[in-house]
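In: Would you be able to build a 3D model of this:
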Amino acid sequence: MSTTSLGYKRLVIIQLAGGNDGLNTIIPFNNDVYYRSRPTIGIKKNELIKVTDELGFHSNLLSLKKLYDQGHLTIINNVGYPNPNRSHFRSTDIWQTASDSDQYLQTGWVGRYLDKYGNKPYNAIEIDDSLSLALKGQNINGIATKNPKVLFKTSQDPYFKNVLKHYQDEHLSEHNLGYLYKTMIAAESSAKYIFEKHKKVSNKQEYPNNEFSNQLKTTSKLISSGIETKVFYSSLGGFDTHVGQPYKQSKLLKIYAEGIEAFVSDLKQQGTFNDTLILTFSEFGRRVRQNAANGTDHGAASNVFIIGNQFKTPGFFNDLSSLSNLDDNGDLKYSVDFRSIYATVLSKWLGVEDETILNKNFPKLDFI
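Out: Got it, this is the predicted structure:
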C-alpha cells in the first residue's frame, strides 16, 4: 500500500505521564468550591493568568498563553471515559489502546492505524528508548529512538549484522524468517532511513536544555526532513503529585510550555506547522479535594490540549465541569470521551477511517 494512503498531515502526541492535575492547570478562579477544596494548594487569583471571566492558566503556562492568543490552542475540558480506572498502568493502557475500561487490547490505536494504512515501522516514531503500547499493531509496530544516530550505530553493530547474515546465508526467504528476524531486518532498514533523513536538516530555533525539549527538537528535525512519518509520540513524566504538588507541578508545566513554544516556533520557521497537529493528554486528572500532604490523589476527567493552525474555533472547546456535582469518588465527571478526540483527529486530520481503528463509532467534535 502506498504511503500516500497515510495522508499528508502529521500528528504529534505528548503524554503528561503520572496524571496531571487539570484543575491547577486550567483554574476556575471564580469558583468557591475550588478554593474550599484546596485551601493550601489552590492557585490564588492574583497568581494566575486570566483567560476568560471564569478560567485562567497556571502562571508557568505563559508560553502556552501566547499560543492561545495566536489562535493556535484548543482546550477540551472534562475529557475521560466511562467507569474510569485510577491505576497509572491500566489507565495509560486504556488511553493508548482506546479500549473500554473493562476491555484488554493488545494493540494500540496508532498501531492499528499502522496496520491499516502503514507499510514501514518509521511511519510512526516514538522519541524514547522503548515503544509504548500505543504504537504496537498486530502486523506492524512503530519504532522507538531517542537519537537516530545512536539507533543507526546500534543497527550496524557486528553482532546484529552477523545474526542477519547468518539467516540470509541460510537462503531462507523473508517470508520464512521468524518474527524476530523480520523485525530486525525492518529495524535495520528503518534505522538507516531515519538517520539519513535526520542528518540532512538542522533546527532553526533554540530549545531549552532538558530531556523533554530534546525530544521535541528531534521531532522537529524529523518532520522537517520530509520523512514518511505521520505520528510522533513523546512524553514528560513526574505528574504523580501526591506530595508537595505546587512546586513539582509548577516546574513541569514550565518545562512543557516552554518546550512547546520552541517547537511551534521551529515548525513555523521550517514551514511545517500548518500540517502538524499536537495533542497533549494525561492518563487521568486528580481528585478535586487536596490531601493532607499538600498534594492530590488519583482522579478521573481532565483537560486535553490541542495545538495547531487549522482550528475552526480555537480557545476553550467547552466549559469546566461542575465542582459541586462530582462522582462517588469526589472526581470530575467526564463529558467528552477521549476516543471522540481520537476519532476526530483520525477522520478530520489524518483523513482515514476512524471506526475500524477504534473498533466503534464515536461522535466527532467540531474543532477542526
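In: Spell out the residue ranges of the helices in this protein.
Out: Here the chain has its helices, by DSSP state H, at 32-37, 62-69, 88-97, 109-117, 148-155, 158-169, 179-198, 211-224, 245-270, 338-344, 354-358.
In: Which of those comes out lowest on mean pLDDT?
Out: Confidence, taken as mean pLDDT, is least for helix 158-169 of the helices of the chain (a mean of 60).
In: In contact with residue 213, which residues?
Out: Contacts here follow Cβ atoms under 8 Å, 6 or more residues apart in numbering; on that basis residue 213 touches 207, 255, 258-259, 262-263. All C-beta spots, glycine's among them, are computed from the backbone N, C-alpha and C.
In: For residue 282, find the nearest of the helices of the chain.
Out: Comparing the helices of the chain by their distance to residue 282 (Cβ to Cβ), the top pick is helix 88-97, with 8.6 Å.
In: in that closest one, what counts as buried?
Out: The neighbour-count check on helix 88-97 (16 or more other Cβ atoms under 10 Å) flags 88, 91-97 as buried.
In: Quick check, pLDDT for residue 157.
Out: Looking at residue 157 specifically, the model assigns a pLDDT of 71.
In: Just give the number of residues close to it.
Out: Applying other Cβ atoms under 10 Å, we find 10 other residues in the vicinity of residue 157.
In: cool, and residue 240?
Out: Residues within reach of residue 240, counting by other Cβ under 10 Å, total 19.
In: quick one: contacts for the residue lying closest to it once chain neighbours are set aside?
Out: Computed as Cβ to Cβ, 6 or more residues apart in numbering, the closest residue to residue 240 that is not its neighbour in sequence is residue 18, at 3.6 Å. Under the criterion of Cβ under 8 Å, 6+ apart, the neighbours of residue 18 are 88, 237-241, 282-283.
In: Check residue 310 too.
Out: With contact taken as Cβ under 8 Å, 6+ apart, residue 310 is in contact with 274, 277, 349, 368.
In: Which of those ranks first by neighbour count?
Out: Highest neighbour count within these: residue 277, with 22 neighbours (other Cβ under 10 Å).
In: My read is that that residue contacts residue 345, right?
Out: Yes. Counting by Cβ atoms under 8 Å, a contact exists between residue 277 and residue 345, whose distance comes to 6.7 Å.
In: Quickly list what's touching both of the two.
Out: Common neighbours of residue 277 and residue 345 are listed as 11, 368 (criterion: Cβ under 8 Å, 6+ apart).
In: got the contact list for the residue lying closest to residue 131 once chain neighbours are set aside?
Out: If you skip the residues right next to it in sequence, residue 131 has residue 144 as its closest partner in space, 4.2 Å away by Cβ to Cβ, 6+ apart. Residue 144 sits next to 125-132, 135 when contact means Cβ under 8 Å, 6+ apart.
In: Now do residue 144 against residue 136, distance only.
Out: Between residue 144 and residue 136 the distance, using Cβ to Cβ, to the nearest Å, works out to 10 Å.
In: Let's see if you can find the most crowded of the contacts of residue 213.
Out: When the contacts of residue 213 are compared by neighbour count (other Cβ under 10 Å), residue 263 ends up highest, at 28 neighbours.
In: Now for the closest residue to that one other than its chain neighbours, how many residues are close by?
Out: Leaving aside its chain neighbours, residue 263 sits nearest to residue 216 (4.1 Å; criterion: Cβ to Cβ, 6+ apart). The local packing count at residue 216 equals 29, with neighbours defined by other Cβ under 10 Å.
In: Please apply the same query to residue 62.
Out: Applying other Cβ under 10 Å, I find that residue 62 has 15 neighbouring residues.
In: Okay, the residue lying closest to it once chain neighbours are set aside and residue 65: tell me how far apart.
Out: Distance criterion Cβ to Cβ, 6+ apart; nearest residue to residue 62, sequence neighbours excluded, is residue 49 at 6.4 Å. Residue 49 sits at a distance of 5 Å from residue 65 (criterion: Cβ to Cβ).
In: and if you look at residue 288?
Out: Counting by Cβ to Cβ, the gap between residue 288 and residue 65 amounts to 24 Å.
In: Which one's more surrounded, those two?
Out: Summary of the neighbour comparison: residue 288 and residue 65, criterion other Cβ under 10 Å, with residue 288 having more neighbours (23 against 19).
In: How confident is the prediction for that one, by pLDDT?
Out: Predicted confidence (pLDDT) for residue 288: 97.
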